[in-house]
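K.L.:
sequence and computational prediction follow.
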Amino acid sequence: MIILGIDPGSQKTGFGLIEVAGHRHRYISSGVIRLPKGPLPERLAEIYRSLNLIIDEYQPTLAAVEEVFMAKSAGSALKLGQARGAAVVACVGRDIPVAEYTARQIKKAVVGTGAANKEQIQHMVKILLKLPAAPQEDAADALAAAICHANARQGLDNMVAGEQLDVGRLRRGRLR
C-alpha cells in the first residue's frame with residue numbers, strides 16, 4: 001500500500017509518499033509544490049495539477065491530509081481551506097480515499113506529543129523512515145501525515161483481526 005501525505009498551503013504544499021508493508025514504512029518520495037505568485041485560483045490549479053502528476057507517477061492507494069487549523073487571520077484560514085480542498089479533490093477525483101487528521105493527531109502519532117515543533121517532526125520522520133537527512137519542513141509534515149495514517153490503519157487492522165479471532169473462538173465455544 002502506498003500512502004500520499006499532503007500538507008496543504010496557499011504558498012507551498014508539502015507532499016510525501018511512503019510504502020507500507022505490515023508494520024514497516026518505506027520512504028518513496030517527498031517534496032514541496034511551490035506555488036506561483038498571483039491570484040489564488042491559479043495557485044489552487046497548480047496544487048491540483050501537481051498532485052495529479054504525483055498520483056500518475058506513484059499510484060498511491062490512500063491519502064492523508066492535514067485538517068485546517070486556526071490560522072493568523074480569517075483570510076489565511078480561508079485560503080488554507082481552499083488549498084486543502086484542491087488537494088482533496090485531486091485525490092478523490094482519482095478514487096483515492098482521503099483520511100483527515102489534525103496537526104495535533106499527526107504530531108502525537110509521529111513524535112509522541114501533540115505539541116511537537118517543526119524540528120522535532122523533521123527529526124522523527126528522518127529516524128522513522130531511515131533517511132540520511134531531515135526532509136524540508138513542509139515535506140516532513142506531509143510524510144508525518146502519511147505515517148500517522150499508516151499507524152491508524154494498522155491499529156484498526158489489529159482491532160479487526162482481534163475481533164475476528166474472538167468471534168472464531170466464540171463459535172468454537174472457547175471464549176468465556
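P.N.:
Alright, I've got the coordinates.
K.L.:
use CA for all of it now, contacts and neighbours both
P.N.:
OK.
K.L.:
just checking, Val20 is part of a helix?
P.N.:
No: using DSSP: H, G, I helix; E, B strand; the rest coil, the assignment for Val20 is strand, not a helix.
K.L.:
got the contact list for it?
P.N.:
Met1, Ile2, Ile3, Arg26, Ala150 (Cα atoms under 8 Å, 6 or more residues apart in numbering).
K.L.:
give me the phi and psi for the last one.
P.N.:
Same thing as Ala150. Backbone torsions of Ala150, given as degrees, to the nearest 10, read phi -60, psi -40.
K.L.:
could you do the second one as well?
P.N.:
Here is the backbone geometry of Ile2 (degrees, to the nearest 10): phi -110, psi 130.
K.L.:
look up how far Arg49 lies from Thr13.
P.N.:
For Thr13, the distance to Arg49 (Cα to Cα, to the nearest Å) stands at 12 Å.
K.L.:
more neighbours: which of these two?
P.N.:
Counted by other Cα atoms under 10 Å, Thr13 and Arg49 do not tie: Thr13 has more neighbours, with 25 against 15.
K.L.:
beyond the strand or helix carrying that one, next helix or strand please.
P.N.:
Thr13 belongs to strand 12-21 when assigned by DSSP states H and E. Per DSSP H and E, strand 12-21 leads on to strand 24-34 as the next helix or strand towards the C-terminus.
K.L.:
report how many residues lie close to Gln122.
P.N.:
Count around Gln122 with other Cα under 10 Å applied: 23.
K.L.:
cool, Gly5 as well?
P.N.:
31.
K.L.:
that one contacts Ala145, correct?
P.N.:
Yes: judged on Cα atoms under 8 Å, Gly5 makes contact with Ala145 at a distance of 5.1 Å.
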